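Colleague: what's the 3D shape of this:
(one chain, ligands or ions: 1)
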Amino acid sequence: MNRFLIPLIAIFLVFASSLASAETPWKAGAAATIITPEKPMWMAGYGGRKAPADGKFTELWAKALVLEDAAGKRGVIITLDLVGIDRAATGKICEQLKTQHNLTRDQIVICTSHTHSGPVVGQNLGPLHYMNVDAEQKKLIDEYAATLQKKIIELVGAAIDSAEPATVQWGSGKATFAVNRRENKPYTEVPEKRNRGELKGPVDHDVPVLSVRDTEGKLRAVLFGYACHATTIGLQKWSGDYPGYAQIEIEKMHPDCVALFWAGCGGDQNPLPRRSVELAEIYGAELAEAVEEVLTAPMPTLPAKLSTNYSETDLELAGLPSKNDLDSTAKSTSIFEAARAKHLLRQMEKKGAIDGSYPYPITGWKIGGEIDFIALGGEVVVDYAVRIKRERSDEKTWVAGYANDVMAYIPSLRVLKEGGYEGGTSNVYYGLPGLWSEAVEETILKAVHEVLPK
Ligand SMILES: [Zn+2]
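Modeller: Residues are numbered from 1 along each chain as shown. As a prediction, this is how the structure comes out:
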């Protein structure tokens with residue numbers, strides 16, 4: 001072959017592929033299915049409830065958005081109006097998605113809204129719920145978990161089947177109802193302090209938005225996030241809480257659109273004031289309005305390029321109890337402490353020892369070569385979002401918490417040292433044996449930058 005021809009071919013190939021990525025659009029599809037329990041099941045999130053749900057304020061939804069880039073690479077984001085999900089359930093869902101749709105672990109992100117008005121999700125928060133309910137409730141919880149899994153697999157299939165050429169754009173808005181719940185007690189003083197501009201502590205008020213439009217410009221899907229606990233309502237009826245109302249509002253404004261919500265690093269953020277359905281509707285409307293503002297302004301278009309990665313990093317636990325400690329705690333008058341001790345004794349019996357670390361999941365996607373979408377497990381406190389955005393590219397860095405496996409609160413080193421509920425006393429409700437070690441923040445940060453190189 002002519003010695004000049006090879007470089008010429010190479011140049012042509014580079015040119016052709018850049019032309020292809022500029023001209024070949026995304027393919028995208030979205031689907032939604034109701035996951036409101038049909039039977040009077042136990043509700044998740046609060047330890048004080050004494051009875052199952054007795055009705056509903058809204059439906060609960062599972063939704064899926066499938067993005068396919070110019071090279072045919074797919075990613076699926078599944079959002080659930082649920083308090084959380086555990087490692088076992090996610091593992092089963094991902095296995096099935098591999099078998100049925102050839103999706104690998106890195107191509108799947110499962111996000112939960114952390115609504116405290118949804119059902120108990122399998123053995124997630126075991127010592128708080130599953131281990132303390134009667135046999136009849138356990139049966140309903142198991143049945144619900146199996147049905148949920150089946151519905152999610154069908155849902156992803158429907159989203160893939162509906163995929164069509166699309167334009168994907170991004171933007172970022174603001175909503176200000178999230179309050180740092182550790183720094184602004186008592187909550188009754190929050191409205192006054194807000195008026196005087198005296199609220200304290202770190203917050204993340206960003207509302208990242210990804211829009212999907214068809215070739216005619218019609219909005220087909222909106223993916224948006226916010227970092228705040230979905231604890232506006234604490235009653236006995238199913239509800240998506242503020243994220244549920246926000247999704248309903250957006251879908252009312254755009255009837256053929258699927259609105260999907262992911263929770264950010266809101267582990268230490270509450271919607272305040274709270275405790276009424278009306279407030280949940282107000283916050284939902286405020287969030288929907290922030291999304292709408294982004295949608296009506298010019299939005300940058302993302303080229304059809306997607307890269308996906310996933311890793312599990314071992315997070316160390318500190319201060320593990322001995323068998324003697326557990327034997328005596330198993331007799332505790334605190335039903336939660338006793339349930340955790342029994343759970344750990346079973347683990348000790350089965351494995352010979354208590355797990356001294358936890359396989360912590362991190363998904364990192366680069367969307368359109370511009371947006372870093374990072375999905376972290378657990379109830380991540382806001383310090384992580386603030387730091388990760390600062391170390392990367394601010395509004396183009398989107399950090400979800402409550403993703404893939406909600407195994408505990410994830411404190412920053414600051415919050416861990418300060419202690420309190422998010423610092424580690426809440427670990428009892430998740431069945432973890434001790435506190436996270438002081439390496440927690442640096443271990444996660446290092447893993448984040450490895451999963452998705454800057
Ligand atoms: Zn929480």
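Colleague: ok, Leu317 to Gly377 distance?
Modeller: Leu317 sits at a distance of 15 Å from Gly377 (criterion: C-beta to C-beta, to the nearest Å). Using the backbone N, CA and C atoms, a C-beta is placed for each residue, glycine as well.
Colleague: The two: which has the busier surroundings?
Modeller: Gly377 (29 against 21; other C-beta atoms under 10 Å).
Colleague: Just the terminal-to-terminal distance for stretch 353-361.
Modeller: 22 Å (C-alpha to C-alpha, to the nearest Å).
Colleague: Check which residues of that stretch are buried.
Modeller: Ile354, Tyr358, Tyr360, Pro361 (16 or more other C-beta atoms under 10 Å).
Colleague: ok, now stretch 393-402?
Modeller: Lys396, Thr397, Trp398, Val399, Ala400, Gly401, Tyr402.
Colleague: In JSON lines: these, plus secondary structure.
Modeller: JSON lines is the format used below for the buried residues of stretch 393-402 (DSSP: H, G, I helix; E, B strand; the rest coil):
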{"residue": "Lys396", "secondary structure": "helix"}
{"residue": "Thr397", "secondary structure": "strand"}
{"residue": "Trp398", "secondary structure": "strand"}
{"residue": "Val399", "secondary structure": "strand"}
{"residue": "Ala400", "secondary structure": "strand"}
{"residue": "Gly401", "secondary structure": "coil"}
{"residue": "Tyr402", "secondary structure": "coil"}
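Colleague: Show the average pLDDT along the host helix or strand of Glu293.
Modeller: In the assignment (DSSP states H and E), Glu293 maps to helix 277-296. Per-residue pLDDT values across helix 277-296 average out to 98.
Colleague: now stretch 234-242: mean pLDDT?
Modeller: Average pLDDT, stretch 234-242: 98.
Colleague: Could you give the separation between the terminal residues of it?
Modeller: For stretch 234-242, the end-to-end distance is 12 Å (C-alpha to C-alpha).
Colleague: Likewise for stretch 56-74?
Modeller: 35 Å.
Colleague: Also stretch 226-235?
Modeller: 23 Å.
Colleague: what separates it from the chain centre, distance-wise?
Modeller: Relative to its chain's centre, stretch 226-235 lies at 14 Å (C-alpha atoms, centre = their mean, to the nearest Å).
Colleague: can you check stretch 61-73 too?
Modeller: The answer for stretch 61-73 is 17 Å, by C-alpha atoms, centre = their mean.
Colleague: List the buried residues of it.
Modeller: With burial defined by 16+ other C-beta under 10 Å, the residues of stretch 61-73 counted as buried are Trp61, Ala62, Lys63, Ala64, Leu65, Val66, Leu67, Glu68, Asp69, Ala70.
Colleague: Stretch 309-326 too?
Modeller: Those would be Asn309, Tyr310, Ser311, Glu312, Thr313, Leu315, Leu317, Leu320, Pro321, Leu326, for stretch 309-326 by 16+ other C-beta under 10 Å.
Colleague: now swap in stretch 100-114 and tell me
Modeller: His101, Leu103, Arg105, Asp106, Gln107, Ile108, Val109, Ile110, Cys111, Thr112, Ser113, His114.
Colleague: Next, the distance between the ends of it.
Modeller: Length of stretch 100-114, first residue to last, C-alpha to C-alpha: 28 Å.
Colleague: quick one: what helix or strand has the closest residue to Arg213 other than its chain neighbours in it?
Modeller: The spatial neighbour of Arg213 that comes closest, neighbours along the chain excluded (C-beta to C-beta, 6 or more residues apart in numbering), is Thr167 at 4.7 Å. Here Thr167 sits within strand 164-174, counting by DSSP H and E.
Colleague: In the record's domain split, what are the boundaries for this structure?
Modeller: 25-316+358-451, 321-355 (automatic domain parsing).
Colleague: among the ones you listed, which is the most enclosed?
Modeller: Of all the domains of the chain, domain 25-316+358-451 has the most neighbours on average by mean count of other C-beta atoms under 10 Å, namely a mean of 20.
Colleague: The residue lying closest to Pro411 once chain neighbours are set aside and Asn180, how far apart?
Modeller: Leaving aside its chain neighbours, Pro411 sits nearest to Gly423 (5.0 Å; criterion: C-beta to C-beta, 6+ apart). Per C-beta to C-beta, Gly423 is found 14 Å from Asn180.
Colleague: intersection of neighbour lists for those two?
Modeller: Residues touching both Gly423 and Asn180 (C-beta atoms under 8 Å, 6 or more residues apart in numbering): none.
Colleague: re earlier: from the buried residues of stretch 393-402, which is closest to Glu38?
Modeller: Tyr402 (24.7 Å; C-beta to C-beta).
Colleague: and the closest one, how far is that from Leu295?
Modeller: 24 Å.
Colleague: relative to strand 164-174, how tilted is the longest strand seen in the chain?
Modeller: Secondary structure of the chain per DSSP state E: the longest strand is strand 306-318. Relative orientation of strand 306-318 versus strand 164-174 (axes from the mean of the first three to the mean of the last three C-alpha atoms, to 10 degrees): 50 degrees.
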